[in-house]
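Asker: need a 3D model of the following:
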Amino acid sequence: MAISGINHVTLSVNDLNASFDFYRDILGLKALAIRRNTSAYFLAGNDWIALVQMKADAYVSPLYSHLALTVSISEFNDLSQRIISSGAKVWQENSTPGASLYFLDPSGNKLEIHTGNWESRMKWLRENSSSDVEVFL
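Answerer: Coordinates of the predicted model:
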């Protein structure tokens, strides 16, 4: 198979400095580099996230597309409180298994912190789904 994994995620932001502070100070991602007024790079665990400044009007997509970041169960409540206290807007209530908080970054990108993983989601689907769901693993 030619694809071996996800290389990185790039999010467009309209204020690089505010977004840099949010991703570093509120979410706690490890800052790798910042190129003023252009881009910034972070690690979330071993995963690479890039922020690229784009001039655009404030816009929040009506689509469900979002970036979910893993957080441990023991740290979920503290991080959720830090995000909410920062003024980040919650854009959806959680309706899936596992603890999740859905929120917007300073540029309106849809984010989620989540305590589960794909294995726990497949286990839940096997145990709770009707005949219209086919689980392969």
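
Asker: and stretch 4-23, how far apart are its ends?
Answerer: The first residue of stretch 4-23 is 26 Å away from its last residue (Cα to Cα, to the nearest Å).

Asker: buried stuff in it?
Answerer: Residues Leu11, Ser12, Val13, Asn14, Leu16, Ser19, Phe20, Phe22, Tyr23 are the ones in stretch 4-23 that count as buried (16 or more other Cβ atoms under 10 Å). Quick note: C-beta positions are derived from backbone N, CA and C, even for glycine.

Asker: where does this structure have low pLDDT?
Answerer: Within the chain, the stretches with pLDDT under 70 are 1, 3, 56-60.

Asker: need the longest helix for the chain.
Answerer: helix 73-85 (DSSP state H).

Asker: then that helix to PDB, C-alphas only?
Answerer: C-alpha atoms of helix 73-85 as PDB (Å, rounded to 0.1, in the frame of the first residue of the first chain):
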ATOM      1  CA  ILE A  73      -9.000  10.400  30.700                       C
ATOM      2  CA  SER A  74      -7.000  11.700  33.700                       C
ATOM      3  CA  GLU A  75      -6.300  15.000  32.000                       C
ATOM      4  CA  PHE A  76      -9.600  15.500  30.200                       C
ATOM      5  CA  ASN A  77     -11.400  17.600  32.800                       C
ATOM      6  CA  ASP A  78      -8.500  19.900  33.400                       C
ATOM      7  CA  LEU A  79      -7.800  20.500  29.700                       C
ATOM      8  CA  SER A  80     -11.500  21.000  29.000                       C
ATOM      9  CA  GLN A  81     -11.700  23.600  31.800                       C
ATOM     10  CA  ARG A  82      -8.600  25.400  30.400                       C
ATOM     11  CA  ILE A  83     -10.100  25.500  26.900                       C
ATOM     12  CA  ILE A  84     -13.500  26.700  28.100                       C
ATOM     13  CA  SER A  85     -11.800  29.300  30.400                       C
END
